[in-house]
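Peer 1: This is a predicted model, with the sequence first.
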Amino acid sequence: MKFYVSSAFLDTKEIVEIAKVADDLGYDGMAIPDHVVNLETLKTPYPYTKDGQRRWQPFTEWPDPWVLVGSLAQVTSRLRFVTTVYIPAMRNPYSAAKAIGTAAYLADGRVELGVGVGWCEEEFDLMEQPFAKRGRRTDEMLDLMRTLWSPDWTEFDGEFYQTPKLEMQPTPPRIPIYVGGLSDIALRRAARNDGWIGDLIDTERAIAATDRIRAFRAEKGLGMDDFTVLTPLTDAFTSADYRRAEQAGISGILTMPWMFYSGPLATLSQKIDGMKRFRKDLGLDG
């Protein structure tokens with residue numbers, strides 16, 4: 001089982017220190033969320049809470065994930081970086097591919113691209129990208145970006161994007177793509193790619209999603225050996241809990257270890273202490 005430390009809702013400068021500690025302690029990765037802006041008023045309800053209210057307070061910091069990865073890669077040597085999740089359809093595909101590819105190049109192949117189709121129509125409007133057909137555009141963008149990350153001259157003729165012969169440098173190492181979402185459409189999209197990223201869900205729901213993905217991949221003659229499942233688990237606290245998840249096909253956990261010991265108001269030193277205690281309590285250091 002792999003363990004990724006989530007940087008959600010942290011002060012940006014704290015993230016650098018936490019990444020260095022995570023690298024030293026043996027954590028497998030850092031999970032980085034994505035929003036461009038936080039609008040004061042939304043007509044679109046937040047889809048991941050029962051009341052439609054956002055999980056974060058105004059003025060929570062949302063650093064650009066690719067600027068952040070470029071920085072964190074320079075102060076770590078083995079830590080991987082995954083976005084939870086990046087919204088390609090909200091961006092121009094060429095500028096997105098350039099930023100992601102540059103970050104992956106600087107990180108020596110330690111970037112994993114977690115994507116979603118997006119939920120906030122107002123943020124799409126602000127970014128001057130259509131909210132409609134965002135799922136189909138996401139699929140095409142992923143194909144286009146893989147093409148742009150080739151070391152050769154490339155061309156692309158899609159439904160939404162037509163690309164003349166060009167090349168984009170530097171060429172990054174291979175970037176695995178993981179997809180978020182719980183609908184069958186999202187799980188099928190994940191099954192066509194390299195992995196799935198879950199939201200805050202309990203173990204039973206995560207296992208059910210993993211089983212659905214396994215069935216979707218089997219339809220295409222694909223197994224799960226090279227497929228990644230990363231998710232937070234709201235009801236997993238012990239080694240036995242994580243072993244059960246791993247046996248069901250969940251390969252990685254997104255976590256904020258300090259939450260188990262000091263809560264959401266933990267200081268930086270308490271966060272670091274929580275990261276150490278978490279690994280010790282689970283016997284990960286032996």
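Peer 2: Right, received. Where do you want to start? Worth saying up front: this structure is predicted, and the values here are computed from it rather than measured.
Peer 1: who's in contact with residue 272?
Peer 2: 17-18, 21 (C-beta atoms under 8 Å, 6 or more residues apart in numbering). Where C-beta positions appear, they are placed from N, C-alpha and C, glycine not excepted.
Peer 1: Please report the distance of it from residue 75.
Peer 2: 15 Å (C-beta to C-beta, to the nearest Å).
Peer 1: about what we covered before: neighbour-wise, which of the contacts of residue 272 leads?
Peer 2: residue 18 (25 neighbours; other C-beta atoms under 10 Å).
Peer 1: mind listing what residue 226 touches?
Peer 2: With contacts defined as C-beta under 8 Å, 6+ apart, residue 226 is in contact with residue 194.
Peer 1: and it, that one's in a helix?
Peer 2: No - assessed with DSSP: H, G, I helix; E, B strand; the rest coil, residue 226 is coil; it does not lie in a helix.
Peer 1: Please identify the buried residues of stretch 214-224?
Peer 2: Residues 214, 216-217 are the ones in stretch 214-224 that count as buried (16 or more other C-beta atoms under 10 Å).
Peer 1: quick check, nearest of those residues to residue 231?
Peer 2: Nearest to residue 231 among these is residue 214, at 14.7 Å by C-beta to C-beta.
Peer 1: Which residue is the nearest non-sequential neighbour of the closest one?
Peer 2: Among residues not flanking residue 214 along the chain, residue 224 sits closest, at 5.6 Å (C-beta to C-beta, 6 or more residues apart in numbering).
Peer 1: Show me what the top helix by length along the chain is packed against.
Peer 2: When the chain is parsed with DSSP state H, its longest helix is helix 203-219. For helix 203-219, the packing partners by 3 or more C-beta pairs under 8 Å, 6 or more residues apart in numbering; DSSP states H and E come out as helix 184-192, strand 195-197, strand 228-231, helix 239-247.
Peer 1: Could you list the residues in contact with the following helix or strand past the last one?
Peer 2: Next along the chain after helix 239-247, taking DSSP states H and E as the criterion, comes strand 252-255. By C-beta under 8 Å, 6+ apart, the list of residues contacting strand 252-255 from outside reads 1-6, 28-29, 31, 84, 197-198, 228-233, 236, 242, 245, 278.
Peer 1: any low-confidence regions in the protein?
Peer 2: Within the chain, the set of residues satisfying pLDDT under 70 comprises 286.
Peer 1: Now do stretch 193-207: distance from first to last residue.
Peer 2: End-to-end span of stretch 193-207 (C-alpha to C-alpha, to the nearest Å): 18 Å.
Peer 1: again, but for stretch 116-123
Peer 2: Its start and end residues considered, stretch 116-123 measures 14 Å (C-alpha to C-alpha).
Peer 1: Tell me the buried residues in that stretch?
Peer 2: For stretch 116-123, by 16+ other C-beta under 10 Å, it's 116-120, 123.
Peer 1: Also stretch 127-134?
Peer 2: Buried residues in stretch 127-134, defined by neighbour count with 16+ other C-beta under 10 Å: 127, 129, 131, 134.
Peer 1: What strand or helix carries residue 68?
Peer 2: Here residue 68 sits within helix 65-72, counting by DSSP H and E.
Peer 1: for that helix, packing partners?
Peer 2: Partner elements for helix 65-72 (3+ C-beta pairs under 8 Å, 6+ apart): helix 12-25, strand 29-32, strand 80-83, helix 93-106.
Peer 1: what's the angle from the last one to helix 65-72?
Peer 2: For the pair helix 93-106 and helix 65-72, the angle between their directions (axes from the mean of the first three to the mean of the last three C-alpha atoms, to 10 degrees) equals 10 degrees.
Peer 1: Residue 220 contacts residue 191, doesn't it?
Peer 2: Yes - between residue 220 and residue 191 a contact is recorded at 7.4 Å, counting by C-beta atoms under 8 Å.
Peer 1: Now for residue 14, how many residues are close by?
Peer 2: 15.
Peer 1: Next, the contact list for it, please.
Peer 2: Contacts of residue 14 (C-beta under 8 Å, 6+ apart): 268, 271.
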